[in-house]
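Trainee: Fold the following.
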Amino acid sequence: MAIEAHATARYVRTSAQKAGLVLDTIRGRDVNQALATLQYLRKAISHDIAKVLRSAIANAQQKEGFGGDVDRLFVSACYADQGPSMKRIRPAPMGRAFRVVKRTAHLTVRVSERPLAIAAVATPAPKVRAKTKPGAEAAAEVPPKTAARKRGAGSKPAAKAKT
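Mentor: Numbers count the residues shown, from 1 in each chain. Purely as a prediction, here's the structure:
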């Protein structure tokens, strides 16, 4: 049975779209490779995602039945849901006001344990020979290529007209 664990960070001050771009880069990777990728990404949200990933790894280690090998864990799913938006007012000219929407996101990272690869030994399938009639080999011979076939059917070099 494969171990699954997840961690969620709620109300993170970023938009779900920006977080989703970073989460797309680590989806399906091994956890060590995902942490290394997040360390060198030039996005501010990658630090928060790395914290959530470390928390998901710790949650998987606490599960009963975990094999103890963190190298077998991989990011099976990760997504960013939109959280509540904070509405703020920015003063504008002539007594008006512009609305500023400060978005939040809920980051979820799910890790799973890769199953052990068990190589099954398959027996080769028996070869089946097609039955042929005597003399059928001669009819199946391919005629030799001719010079016309090499050039292509009906293609002759075009002669240039002298003017």
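Trainee: Any regions of the protein where pLDDT drops low?
Mentor: When residues are selected by pLDDT under 70, those of the chain lie in 1, 119-120, 122, 130-163.
Trainee: One more pass at 90, please.
Mentor: Scanning the chain with the threshold set as pLDDT under 90 gives 1-3, 64-69, 114-163.
Trainee: Which parts of it are strands?
Mentor: Along the chain, counting by DSSP state E, strands occupy 4-12, 73-82, 86-91, 97-102, 105-113.
Trainee: Report all helices and strands that the longest one contacts.
Mentor: For strand 73-82, the elements it packs on are helix 16-26, helix 31-40, helix 45-62, strand 105-113, judged by 3 or more C-beta pairs under 8 Å, 6 or more residues apart in numbering; DSSP states H and E. For glycine as for every other residue, the C-beta is placed from the backbone atoms N, C-alpha and C.
Trainee: among these, which is nearest residue 121?
Mentor: In terms of C-beta to C-beta, the element of those nearest to residue 121 is strand 105-113, at 24.9 Å.
Trainee: So what's the gap between the closest one and the chain middle?
Mentor: 15 Å (C-alpha atoms, centre = their mean, to the nearest Å).
Trainee: Given that strand, what are its sheet partners and their directions?
Mentor: strand 4-12 (antiparallel), strand 73-82 (antiparallel) (DSSP bridges).
Trainee: I'd like those as a markdown table, with mean neighbour count appended.
Mentor: A markdown table is the format used below for these (neighbours: other C-beta atoms under 10 Å):
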| stretch | mean neighbour count |
| --- | --- |
| strand 4-12 | 16 |
| strand 73-82 | 19 |
